[in-house]
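[1] The amino acid sequence is not available; the structure is as follows:
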Ligand code: WQD
């Protein structure tokens, strides 16, 4: 090898090891989904280059395979920036995934792609373990082979099971009392990543444990777009408000909470999105340790009845509801302690309940049929 070639190779190596502070190449799995698409907005706004991999089984596809899914086309409109690439590839397609990593010098992966319907996971556990766990194993192996060992993982407060204390911090035991296969897959994937980071010190992983993501981008152009009847509270309320569904069923009013209904820590999806950019910065910082979990929530508990009331005010619509029995697997209350994320990521949620409802309503009322 001549000297000039050796120098170029060396410079390339240095650039890979010590990329500048801005403009990382970020591969986002599940980037066409709800939290994924909002995070892509924040990444593009922060000056990063984004490659999206999504099989679109749970998100609206483009009208032909060459076309971007509408959520990502709208992300480009919102930001005025262009994605580096989009691949309609499943994480179960290892050769396909390997090709994507061969085409791009990826600096870091943010991994959202997963099935996430709790009830469905009880009926079809194998689908959940295959998609979420096998998909993640494929991704980790392909990343390792490509020498990409920086990862932000989309985890969930569900790993805490039934909380033993409130607000729940990251020291709370995980993997105990998880009531459904979806939750188990999040826990198992966390464990796999922790073991990997223990075995190979080059891995730098942030596990982000989301509480209850709601809201939408303030433009009203992107938001949550459930297929079929929504499983989660806020999308259901939004569809009642817009007239697509008759009434909300409130799952129990006899919990040990101030008004008897379940209390959750709802977080605006744009706050969640900025948490991912903060996690990315943390991974590139000098002092970063192997695999660290952070809660992303607000620390504020909101009951089902309080949410109904807030949404009524934001939308000016009536939200008819009836109280029915408790839903299997629900806990009375879970609220996050977000001190660690504040101290170590320099991140905190800034949008309140009213903002969450206003932005959800803007998205729902402007797009009653989602991305159609
Ligand atoms: C919130 C509250 C319900 C629907 C789930 C997953 C979790 C995470 C987020 C991510 C509860 C009540 C709901 C309805 C109701 N998953 N409710 N009527 O269960 O806290 O968390 O979503 O991908 O892993 O478990 O959220 O929005 O379903 O419920 O009364 O029609 O609203 O009982 O108290 P949950 P949720």
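    Everything's here; your move. No experiment lies behind these values; they were computed from the predicted model shown. Numbers count the residues shown, from 1 in each chain.
[2] Pull the contacting residues for the residue in the stretch 251-372 of the chain positioned nearest to the ligand.
    Of all residues in the stretch 251-372 of the chain, residue 262 sits closest to the ligand, with a separation of 2.2 Å (C-beta to the nearest ligand atom). Glycine gets a C-beta too; all of them are placed from N, C-alpha and C. Taking C-beta atoms under 8 Å, 6 or more residues apart in numbering as the criterion, residue 262 is in contact with 251-252, 255, 303-304, 330-333.
[3] swap in residue 155?
    With contacts defined as C-beta under 8 Å, 6+ apart, residue 155 is in contact with 186, 189-190, 207-210, 293.
[4] give me that answer again for 10 Å
    With contacts defined as C-beta atoms under 10 Å, 6 or more residues apart in numbering, residue 155 is in contact with 111, 114, 174, 186-187, 189-190, 193, 206-210, 293-296.
[5] and the stretch 201-350 of the chain, which residues reach the ligand?
    Residues of the stretch 201-350 of the chain found near the ligand (C-beta under 6 Å from any ligand atom) are 212, 231-233, 236, 248-251, 262, 264, 304, 327, 330.
[6] rerun at 8 Å
    210-213, 230-236, 248-252, 255, 261-264, 303-304, 307, 326-327, 329-331, 334 (C-beta under 8 Å from any ligand atom).
[7] could you flag which of those are buried?
    210-213, 230, 232-236, 248, 250-252, 255, 261-264, 303-304, 307, 331, 334 (16 or more other C-beta atoms under 10 Å).
[8] Out of the residues you listed, name the ones that lie in helices.
    Among these, DSSP state H puts 233-236, 304, 307 in helices.
[9] List the buried residues for the strand or helix carrying residue 278?
    Element membership for residue 278, per DSSP states H and E: helix 269-283. Of all the residues in helix 269-283, those buried under the rule 16+ other C-beta under 10 Å are 269-283.
[10] List the contacts of the residue of the stretch 51-200 of the chain found nearest the ligand.
    Across the stretch 51-200 of the chain, no residue is closer to the ligand than residue 158, which sits at 3.6 Å (C-beta to the nearest ligand atom). The neighbours of residue 158, taking C-beta under 10 Å, 6+ apart as the test, are 116, 118, 174, 178-180, 182-187, 209-211, 329, 331, 334.
[11] Any quick ChimeraX command for the buried ones out of those residues?
    Typed into ChimeraX, the line below selects the buried ones among those, using 16+ other C-beta under 10 Å:
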select :116,118,174,178,179,180,182,183,184,185,186,187,209,210,211,331,334
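[12] From the contacts of residue 158, which land in strands?
    With DSSP state E as the criterion, strands contain 209-210 from among the contacts of residue 158.
[13] Among the contacts of residue 158, which ones are in helices?
    Residues from the contacts of residue 158 lying in helices, with DSSP H as the criterion: 118, 182-187.
[14] ok, and which of these reach the ligand?
    When C-beta under 8 Å from any ligand atom is applied, the members of the ones in helices among the contacts of residue 158 adjacent to the ligand are 118, 182-183, 186.
[15] Let me have the residues you listed in CSV, extended by pLDDT.
    Converted to CSV, those look like this (pLDDT from 0 to 100):
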residue, pLDDT
118, 96
182, 98
183, 98
186, 98
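[16] if you go through the protein in chain order, where are the helices?
    Ranges of helices in the chain, per DSSP H, are 3-17, 34-45, 70-79, 94-103, 118-123, 125-128, 135-146, 181-199, 233-241, 269-283, 304-315, 339-340, 353-366.
[17] Among these, which one carries the weakest average confidence?
    Considering these one by one, the lowest average pLDDT is found for helix 3-17, at a mean of 40.
[18] thinking again about what came up before, ok, the buried residues of helix 269-283 vs residue 311, which is closest?
    The shortest gap between residue 311 and any of the buried residues of helix 269-283 belongs to residue 269, at 15.6 Å (C-beta to C-beta).
[19] Return the residues of the stretch 51-200 of the chain in contact with the ligand.
    By C-beta under 8 Å from any ligand atom, the part of the stretch 51-200 of the chain that sits against the ligand consists of 116, 118, 156-158, 180, 182-183, 186.
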